[in-house]
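# Need a 3D model of the sequence below.
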Amino acid sequence: MSFQLTNHLGRETAHHVFDRAIPAELIVAPGTEVSLAIRDGSNGQITPKTTPQDLHGLNFGLMDPLTGPIFVEGAEPGDALSVEILDIQLGDWGWSGILPDFGLLADRYPGPFLKIWDTTADEIEIGNGHRFDLQPMIGVIGVAPEQPGPHAATVPTVAGGNIDVKYTQKGSRVLLPVFAEGGLLSLGDAHALQGDGELNGTAIECEADILIKVDLVKGAGLIAPVIDTPPSSRVEERYRSFLGVGPDLWEAARSASSQAAVALAAALKMPEDEAYTLLGIFAELRIHEIVDQPNWVVGCMVPLRIFG
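Have a look, this model is predicted:
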């Protein structure tokens, strides 16, 4: 699980915040291919021997460690970094679960819950013979923000960060607005599989080796990241969409996801907290309707095949 190009950053370069004051670990010219080894989202705090009760001792300040920063020659505020994801190689195992008091339904499913996955194959089985292909992606990709000082790696911003867009995978290109000289690009938080919304707060979290090509777009004038998605490599599914309807987007999303967790648990004959964890891996949380105020319509979409 290693590319080891000349321009390479290993896991020992990990840092924990985006900050324009952090010195670059690597300086590259536009158009350079770079390989990066990134730690898992827990920063090694979770192992195959970890128990659910151990999750109470997690240090959230160490979560989503970053590999980088990378300084791109010629990058100035107003430009954009172009990051093409050429390949992602996962580690042999990953984890998902419910971290204590974290996630969309933390009040209903406070945790802790933990599941270890074997990611050596191209698919996982969730129960009752239902299989899902792995779709490796990068959860955290970003540059140093415009404002000085540390910015948590766990938070999405207009500079990128923990955007958790499932389409940030092999074949995609991410454009990031530059706010500091050189851009100072960092990546982390690889997932073997994630649904839109990562609604329980985790996907299948893994170590990974990543191969990227970093380029520069002068005068791009972006105000936030832009993602060019790859051709779809996901299996086309029929979905059952559980609808949450109401004037508050957060509560509508919670309602849709609560209904889906209950139905999924019944279909797979498993505890609701385990089903809720699975929703973060493969459910698609979508805004179906936004303009007919005062209500939003949010759907939590689960593959129909699970319900027979």
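
# so where is this structure shaky, pLDDT-wise?
For the chain, applying pLDDT under 70 flags the ranges 1-5, 233-235.

# so where's the longest strand in it?
Longest strand in the chain by number of residues (criterion: DSSP state E): strand 80-98.

# what's that one packed up against?
Here strand 80-98 touches strand 113-118, strand 137-142, strand 173-177, strand 183-191, strand 205-217, helix 272-282, going by 3 or more CB pairs under 8 Å, 6 or more residues apart in numbering; DSSP states H and E. Quick note: C-beta positions are derived from backbone N, CA and C, even for glycine.

# Okay, helices next: where are they in this structure?
With DSSP state H as the criterion, the chain has helices at 249-268, 272-282.

# helices or strands up against the shortest one?
Helix 272-282 sits against strand 80-98, strand 113-118, strand 123-127, helix 249-268, strand 296-303, with contacts defined as 3+ CB pairs under 8 Å, 6+ apart.

# Just want the angle from the second one to strand 205-217.
Using axes from the mean of the first three to the mean of the last three CA atoms, to 10 degrees, one finds that strand 113-118 and strand 205-217 are set 70 degrees apart in direction.

# Give the pairing partners of strand 113-118; include direction for each.
Note on strand 113-118: by DSSP bridges, its sheet partners are strand 80-98 (antiparallel).

# Residue 179 and residue 21, how far apart?
The gap separating residue 179 from residue 21 is 13 Å, by CB to CB, to the nearest Å.

# Could you check which of these two is surrounded by more residues?
Taking other CB atoms under 10 Å, residue 179 and residue 21 do not tie; residue 179 has more neighbours (22 against 11).

# Do I have it right that that one meets residue 142?
No. Here residue 179 does not reach residue 142: they are 10.2 Å apart, not a contact under CB atoms under 8 Å.

# what comes up buried for the longest strand of the chain?
By neighbour count on 16 or more other CB atoms under 10 Å, the buried set for strand 80-98 is 80-85, 88-91, 93-98.

# Out of those residues, the closest to residue 184 would be?
residue 81 (9.4 Å; CB to CB).

# who's in contact with the closest one?
72, 75, 143, 175-176, 178, 183, 185, 214-217 (CB atoms under 8 Å, 6 or more residues apart in numbering).

# Flag every buried residue along stretch 25-42.
Across stretch 25-42, burial judged by 16+ other CB under 10 Å covers 25-26, 28, 30, 32-42.

# from those residues, which two are the most distant?
Checking these with CB to CB, the most distant pair is 30 and 42, at 33.6 Å.

# dump the residue contacts of residue 14.
Taking CB under 8 Å, 6+ apart, one finds 38-39, 43, 65-67, 188 in contact with residue 14.

# can you name the two of these that are farthest apart?
Within the contacts of residue 14, 43 and 67 form the most distant pair, 11.4 Å apart (CB to CB).
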